[in-house]
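Q: next come a sequence and a model predicted from it.
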Amino acid sequence: MSAVNVAPELINADNTITYDAIVIGAGVIGPCVATGLARKGKKVLIVERDWAMPDRIVGELMQPGGVRALRSLGMIQSINNIEAYPVTGYTVFFNGEQVDIPYPYKADIPKVEKLKDLVKDGNDKVLEDSTIHIKDYEDDERERGVAFVHGRFLNNLRNITAQEPNVTRVQGNCIEILKDEKNEVVGAKVDIDGRGKVEFKAHLTFICDGIFSRFRKELHPDHVPTVGSSFVGMSLFNAKNPAPMHGHVILGSDHMPILVYQISPEETRILCAYNSPKVPADIKSWMIKDVQPFIPKSLRPSFDEAVSQGKFRAMPNSYLPARQNDVTGMCVIGDALNMRHPLTGGGMTVGLHDVVLLIKKIGDLDFSDREKVLDELLDYHFERKSYDSVINVLSVALYSLFAADSDNLKALQKGCFKYFQRGGDCVNKPVEFLSGVLPKPLQLTRVFFAVAFYTIYLNMEERGFLGLPMALLEGIMILITAIRVFTPFLFGELIG
Ligand SMILES: Cc1cc2nc3c(=O)[nH]c(=O)nc-3n(C[C@H](O)[C@H](O)[C@H](O)COP(=O)(O)OP(=O)(O)OC[C@H]3O[C@@H](n4cnc5c(N)ncnc54)[C@H](O)[C@@H]3O)c2cc1C
């Protein structure tokens, strides 16, 4: 957007005062941080390089844990009036078989916490619109997630933020984090089209600049993500989804995972995993050869149409364990701080839960008392672990299984599906982890190894009596593989 088209209020922010907080980035997390702090009476400046509606293939399915966090923040109405599509659970397909995994019962989990000063005038309840119905979200016995066109959701979040009298918005590219002689953060330098490079001062600067964060390294030079795979996405129009209102996870022994979820009445997102950070040179041929044969029949017409249109979009799948926010005057949050595999759609849920916890920890503090704020931020790192580690470890461990590239992983993939087929707690617990409503890393460990032992048992059964010695050997290898794909990540998340 050129300066000529930018509204004057997005250029003219006052740089002669010290703000309580500067928030860099108005993606999913920035507006929530800014709104929460503003409702706590803080004077906030939020910087975004482009306030126009973004067009991205990320952050389109929000798990129930994210929906609950939006309620806690009094921002749930950001899912209204954007033709958002309700999500009631998942369906996993494996070599043509399928198992339904509905979201948890509300009665089995704690009630949503309403944050003081943030929740008011019913802003923790959805409104009625053409696709979101009050009776479904407020009265259904099960939790719900929601899917949407990312840019429309972001526009709603940003509009809620813009309505807060304590918030000043600015459009510009943040180019530097300002520090004093003690190396403490004191603000940010922003390049504003039509105004030039402007320095803004604040007691606390929040880095919410997302997946490709330029400033996460301010925490530590080693705070860089690893990228092991990518997703190639397409929009399917008027697709006939085999399991309406469910996220579809399509697995098989001969192909990489495929995700399908409806994001509006017309549009369905398909994300096809590719086991390398660099996507294939000829995406169309790859789609036809390695993806198309595994697409459920009812989806084929819309899939084929999308392939022929050739509008492919790729994103890297990054992993980044969080680091403690130990720099005075700065807080890194959202994808800038912590990323996991997008397979389980947990990114927004983790980020929003972090915002809830953050507001609880520091929302009532005087930000000019920077030492006190730093103490709370140091603490915050440990308090967020149990919640975030479950979602993060689940995402990477499941990706290893679902993208199985060895016999042991393939056995675990099949064992995992068979485990789900048992029903009862074999689906109830996993879906509570996935939903972001069961922040118990030890329980996750128990369930993951229950899957591993069930896989070993199935393998023994298949081998029969005569194959027992071989099955025992294979069992050891399967167990070692399970330990290898799970424990380093769990330790990394809990100890780091
Ligand atoms: C392929 C893929 C699919 C995903 N699908 C899901 C999903 O279904 N569900 C889910 O929960 N999560 C999903 N995620 C993760 C989710 O998108 C992120 O967790 C979420 O967007 C993080 O929000 P954020 O605010 O931290 O960053 P972002 O949403 O990326 O926002 C960062 C913002 O900062 C702005 N910015 C950056 N640099 C600057 C600068 N220098 N100056 C000013 N502004 C700046 C950007 O313009 C942007 O608006 C997915 C991720 C990927 C890669």
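A: Cool, the structure landed.
Q: what does this protein put close to the ligand?
A: Residues of the chain lying near the ligand by CB under 6 Å from any ligand atom: 24-30, 47-50, 57-62, 66, 173-174, 208-211, 214, 231, 315, 317, 334-336, 342, 345-349, 351. Yep, even glycine has a C-beta here, placed from its N, CA and C like the rest.
Q: got a quick ChimeraX command for the buried subset of these?
A: Restricted to buried positions by 16 or more other CB atoms under 10 Å, the ChimeraX selection for the residues of the chain next to the ligand reads:
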select :24,25,26,27,28,29,30,47,48,49,57,58,59,60,61,62,66,173,174,208,209,210,211,214,231,315,317,334,335,336,342,345,346,347,348,349,351
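Q: which secondary structure element contains the residue of the chain found nearest the ligand?
A: When scored by CB to the nearest ligand atom, the chain has residue 27 as its residue closest to the ligand, at 1.7 Å. Secondary structure from DSSP states H and E places residue 27 outside every helix and strand.
Q: hmm, it is touching residue 334, no?
A: Yes. Using CB atoms under 8 Å, residue 27 is in contact with residue 334, at 6.9 Å.
Q: so what's in contact with these two at the same time?
A: Overlap of the contact sets of residue 27 and residue 334 (by CB atoms under 8 Å, 6 or more residues apart in numbering) consists of 208, 210.
Q: how about the strands in the stretch 151-300 of the chain?
A: Along the stretch 151-300 of the chain, the stretches classed as strands by DSSP state E, counting those that start in this stretch are 167-171, 173-179, 185-192, 196-207, 226-237, 246-252, 255-262, 267-274.
Q: same check, this time on the stretch 301-450 of the chain
A: In the stretch 301-450 of the chain, the strands defined using DSSP E, counting those that start in this stretch lie at 313-319, 330-332.
Q: show me the contacts for residue 68.
A: Residues in contact with residue 68 (CB under 8 Å, 6+ apart) are 112, 143, 436-437.
Q: do you know how far it is from residue 46?
A: 24 Å (CB to CB, to the nearest Å).
Q: out of the strands of the stretch 301-450 of the chain, which one sits most buried?
A: Of all those, strand 330-332 has the most neighbours on average by mean count of other CB atoms under 10 Å, namely a mean of 26.
Q: make CSV out of the contacts of residue 68 and add pLDDT and neighbour count.
A: Formatted as CSV, the contacts of residue 68 follow (pLDDT from 0 to 100; neighbours: other CB atoms under 10 Å):
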residue, pLDDT, neighbour count
112, 97, 18
143, 98, 27
436, 98, 30
437, 98, 22
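Q: now for those residues, which pair is the farthest apart?
A: Spatially, the most separated pair among those is 112 and 436, at 12.3 Å (CB to CB).
Q: the stretch 301-450 of the chain: helices as residue ranges?
A: Under the criterion DSSP state H, counting those that start in this stretch, the stretch 301-450 of the chain contains helices at 347-362, 370-383, 385-402, 407-421, 425-435, 441-463.
Q: OK, contacts around the closest residue in space to residue 84 that isn't next to it in sequence?
A: Spatial nearest neighbour of residue 84, chain neighbours left out: residue 148 (4.1 Å); criterion: CB to CB, 6 or more residues apart in numbering. Neighbouring residues of residue 148 by CB under 8 Å, 6+ apart: 60, 62, 79, 82-85, 263-264.
Q: do the same with residue 24
A: Applying CB under 8 Å, 6+ apart to residue 24 gives the contacts 30, 47, 174, 188, 205-209, 215.
Q: now do residue 329
A: 184-186, 202-205, 370.
Q: and the contacts of stretch 180-199?
A: Outside stretch 180-199, the residues that touch it by CB under 8 Å, 6+ apart are 1-4, 6, 11-13, 15, 19, 22, 24, 47, 170-179, 200-202, 205, 218, 327-330, 370.
Q: what average pLDDT does stretch 337-357 get?
A: Across stretch 337-357, pLDDT averages out at 98.
Q: how's this structure carved up into domains?
A: Here the domain parsing of the chain from automatic domain parsing is 3-88+113-223+320-384, 226-319, 388-495.
Q: distance between the shortest one and the chain's centre?
A: The reference is to domain 226-319. How far domain 226-319 lies from its chain's middle: 18 Å, per CA atoms, centre = their mean, to the nearest Å.
Q: start to end distance for it?
A: 5 Å (CA to CA, to the nearest Å).
Q: could you pick out the longest helix of this protein?
A: Using DSSP state H to assign secondary structure, the helix with the most residues in the chain is helix 468-495.
Q: which positions within that helix qualify as buried?
A: Buried residues in helix 468-495, counted by 16+ other CB under 10 Å: 471, 474-475, 478-479, 481-482, 485-486, 489-490, 492-493.
Q: for that helix, what is the distance to the chain centroid?
A: That offset, for helix 468-495, works out to 26 Å (CA atoms, centre = their mean).
Q: now do it, average pLDDT.
A: Mean per-residue pLDDT for helix 468-495: 96.
Q: and stretch 171-181, by the same measure?
A: Mean per-residue pLDDT for stretch 171-181: 98.
Q: next, the buried residues of it.
A: Neighbour-count burial for stretch 171-181 flags 171-174, 177-179 (criterion: 16+ other CB under 10 Å).
Q: CA-only coordinates of that stretch, as PDB, when you get a sec.
A: What follows is stretch 171-181, C-alpha atoms only, in PDB (Å, rounded to 0.1, in the frame of the first residue of the first chain):
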ATOM      1  CA  GLN A 171       1.400   1.200   9.500                       C
ATOM      2  CA  GLY A 172       5.100   0.800   9.000                       C
ATOM      3  CA  ASN A 173       7.900  -1.700   8.900                       C
ATOM      4  CA  CYS A 174       9.700  -2.100  12.200                       C
ATOM      5  CA  ILE A 175      13.400  -2.000  11.400                       C
ATOM      6  CA  GLU A 176      15.100  -2.000  14.800                       C
ATOM      7  CA  ILE A 177      14.600  -2.800  18.400                       C
ATOM      8  CA  LEU A 178      15.900   0.100  20.400                       C
ATOM      9  CA  LYS A 179      18.200  -0.500  23.400                       C
ATOM     10  CA  ASP A 180      19.800   1.700  26.000                       C
ATOM     11  CA  GLU A 181      23.400   1.600  27.300                       C
END
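Q: chain center to that stretch: distance?
A: Distance of stretch 171-181 from its chain centroid, counting by CA atoms, centre = their mean, is 27 Å.
Q: what's the answer for stretch 488-496, then?
A: Between the centre of stretch 488-496 and the centre of its chain there are 19 Å (CA atoms, centre = their mean).
Q: which residues touch it?
A: Surrounding stretch 488-496, the residues in contact under the criterion CB under 8 Å, 6+ apart are 321-323, 385, 388-389, 392-393, 396-397, 441, 444-445.
Q: which of the residues you listed lies closest to residue 466?
A: For the contacts of stretch 488-496, the residue nearest residue 466 by CB to CB is residue 397; the value is 32.9 Å.
Q: count of neighbours near that closest one?
A: If you count neighbours by other CB atoms under 10 Å, residue 397 ends up with 23.
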